[in-house]
Structures are given as C-alpha cells and as structure tokens.
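Engineer: Take a look and give me a structure for this.
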Amino acid sequence: MFDFVACCQSPLHTVFIMADDFLMEVCVDSVESAVNAERGGAGRLELCSSLLEGGLTPSLGLLLVVKQYVKIPVFVMIRPRGGDFLYSEQEVEVMRKDIELMKSHGADGLVLGALTEDGRVDTELCTDLLVAARPLPVTFHRAFDMVDDPIMALETLVSLGFQRVLTSGCDSSALEGLPLIKRIIDQAKDRIVIMPGGGITERNLQRILEGSGAQECHCSARSSRDSAMKFRNTCVTMGAALSAPEYGLKVADVGKIRTLNAIAKNTL
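Structural biologist: Model prediction:
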C-alpha cells in the first residue's frame, strides 16, 4: 500500500503503465504527478494524500480536479489515518462516508484494508466496506504486509471478492519480499491479482518481474524538485522533525515512468 520511491508502496497516487498485458500503477498525491504519470505511459493511478505515511484518503477536491486532467482510471485510497489498520467505530464511519463521496464523484476504483487485533483480515469490516464500494473494483492495500499469516489472508481476500492485493511480500521492499510474492502469485492461480509494490525502481523492476511473474506493478516513480519560493524562512517546519522539507517537492517523473515501462516491455 505504501511505497514512495520510483515504484511506490502504498498509496497516494498511483499510475499503471501498459506493456501489452502488463499494467503499472503509479501512486500520486497531486494533479501534477497525476498528469506526469499519464504522460509517462501509466495505465492507472492510485490517488492518495500524505505519502510519507504510506498514503491516506485524498481530498474530494483533488479527485475532482485530477479527473478533469487525466483519462486513465483513478483508484482512490480509503485510509482515514496513518499507523495500524485496526479501526475504531468512528474511523469506520469516516471510511464509509469517504467511500460514498468518492464513488459519487468519479472514482474508478478504491483501495482499502482493515485488520483485527491479532493480525488477521477483518472479514466483517471488509465485507461491509466492499458492499459500500459496489460496483467499483477494490484493491486490498499493504495492510496485507502486516498480517500474521499471508497464505491464509490471501484465501480470505479471494473469498471476500477483492480484485487485487498490493504487497511488498511482507518485507521492507518488494525485492526483499520477492520469495513470498512469487509464492502467493502461484497460490492465487488467477483468482486475484497480486501487485508487487514497495521500493520498486528502475534498478530492480526487471528482477522483480522475472522472479515473480507479476502482470501488474505499483510504483511512485518520483523525483525531487525545488520550490519556486524566493523568500524562505528556514527556521520553521509545518510538521514533525521527520516531516518533508518545506521547500522541496516530490512529483511523479515522466522519464522514470517511461523507463519503467520500457523495462517491463523488455522483460515480459
């Protein structure tokens, strides 16, 4: 769900690059990134906010404006806060309301997930959210990487009716989790799409595709660019000590996305 390098994990914006049957999803958190992702050849976007937290629900305004500027499908993250995936009743109310709003304002799909306190998929809550999401396709995000038993969890997601799972293979990156990604792709047997994500870059995409046989991939493909601000107060930050710099922006990089697309085509 939440990766923020050239091929992102989780969710803020996501774009998918088409290479015949291959689809790359790019996670994005701004209109600029969404436009760049499409220009780079992405086939789908995962739209989020707060990529530093792995992706949270974006504003309705962001969805509406992104839909004005891109033609590719936009899947919207439904995640009310950072941290774990064990939600309170009030947080579930927020998720239901966000699903309702995003559905009615043009979302092409949704990305969500929830766990129980013992690390299992919360089947009751997920069933409820899937019903609310109908008829939109739904991806189970990287909450999957926090489950106690990924093999059992995958069967649960298949039975619930999720269309795909975003995962780093329950490890720090998709490359590190490649053995498990390969195992669950074999287990899935085309019943559900397994989409690797988390730290995917131009340097490791070929290895991940060859080692897993995945037909979809999730990335952020971002580069840093300097703020246009001329006056700068460097004594103030708008977040915690580990927050993003005030005068630096990260946006989806057209060139990186095109490169990832070419790697996928050459690999597959």
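Engineer: Quick check: residue 80 vs residue 106, distance?
Structural biologist: Relative to residue 106, residue 80 is positioned 20 Å away (CB to CB, to the nearest Å). Bear in mind the C-beta positions are built from the backbone N, C-alpha and C, glycine included.
Engineer: next one: residue 182
Structural biologist: 36 Å.
Engineer: These two: which has the busier surroundings?
Structural biologist: It is residue 182, of residue 182 and residue 106, that has more neighbours when counted by other CB atoms under 10 Å, with 18 against 14.
Engineer: how about residue 38, what does it touch?
Structural biologist: The contact partners of residue 38, by CB atoms under 8 Å, 6 or more residues apart in numbering, come to 15, 45, 70, 71, 72.
Engineer: make it 6 Å
Structural biologist: 70, 72 (CB atoms under 6 Å, 6 or more residues apart in numbering).
Engineer: isn't there a helix covering it?
Structural biologist: Yes. Applying DSSP: H, G, I helix; E, B strand; the rest coil, one finds residue 38 inside a helix.
Engineer: Just to check, residue 154 is in contact with residue 184?
Structural biologist: Yes. The pair residue 154 / residue 184 is scored as a contact, 5.3 Å apart, by CB atoms under 6 Å.
Engineer: Got the phi and psi for the nearest residue to residue 217 once chain neighbours are set aside?
Structural biologist: Counting by CB to CB, 6 or more residues apart in numbering, residue 24 is the residue found nearest to residue 217 once chain neighbours are left out, at 5.0 Å. Main-chain torsions, residue 24, degrees, to the nearest 10: phi -110, psi 130.
Engineer: neighbour-wise, which of residue 154 and residue 184 wins?
Structural biologist: Between residue 154 and residue 184, counting by other CB under 10 Å, residue 154 is the more crowded of the two (25 against 22).
Engineer: where does the more buried one land in three-state SS?
Structural biologist: Here residue 154 is recorded as helix under three-state DSSP.
Engineer: So it versus residue 147, what's the distance?
Structural biologist: 9 Å.
Engineer: re the thing from before, for the residue nearest to residue 217, grab the count of nearby residues.
Structural biologist: 30.
Engineer: From residue 98, how far off is it?
Structural biologist: 25 Å.
Engineer: Provide a list of residues in contact with the residue sitting furthest away from the middle of the chain.
Structural biologist: Of all residues in the chain, residue 231 has its C-alpha farthest from the mean position, at 34.6 Å, by CA atoms, centre = their mean. Residues near residue 231 by CB under 6 Å, 6+ apart: none.
Engineer: would you list every one of the helices in the stretch 101-250 of the chain?
Structural biologist: Taking DSSP state H, counting those that start in this stretch, the helices of the stretch 101-250 of the chain run over residues 123-133, 150-160, 178-188, 205-212.
Engineer: mind putting those in TSV, mean pLDDT and distance to residue 36 included?
Structural biologist: Formatted as TSV, these follow (pLDDT from 0 to 100; distance: least, CB to CB, whole Å):
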stretch	mean pLDDT	distance to residue 36
helix 123-133	98	28
helix 150-160	98	31
helix 178-188	98	27
helix 205-212	96	18
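Engineer: got those as a markdown table, with distance to residue 221 columns?
Structural biologist: Shown next, in a markdown table, are the helices of the stretch 101-250 of the chain (distance: least, CB to CB, whole Å):
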| stretch | distance to residue 221 |
| --- | --- |
| helix 123-133 | 27 |
| helix 150-160 | 26 |
| helix 178-188 | 19 |
| helix 205-212 | 10 |
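Engineer: looking at those helices, which is closest to residue 259?
Structural biologist: helix 205-212 (8.9 Å; CB to CB).
Engineer: tell me what the closest one is packed against?
Structural biologist: Helix 205-212 is packed against helix 178-188, helix 254-267, with contacts defined by 3 or more CB pairs under 6 Å, 6 or more residues apart in numbering; DSSP states H and E.
Engineer: 10 Å instead, please
Structural biologist: helix 178-188, strand 193-196, strand 216-219, helix 254-267 (3 or more CB pairs under 10 Å, 6 or more residues apart in numbering; DSSP states H and E).
Engineer: closest to residue 37 out of those?
Structural biologist: Set against residue 37 and scored by CB to CB, the helices and strands packed on helix 205-212 come closest in helix 254-267, at 6.1 Å.
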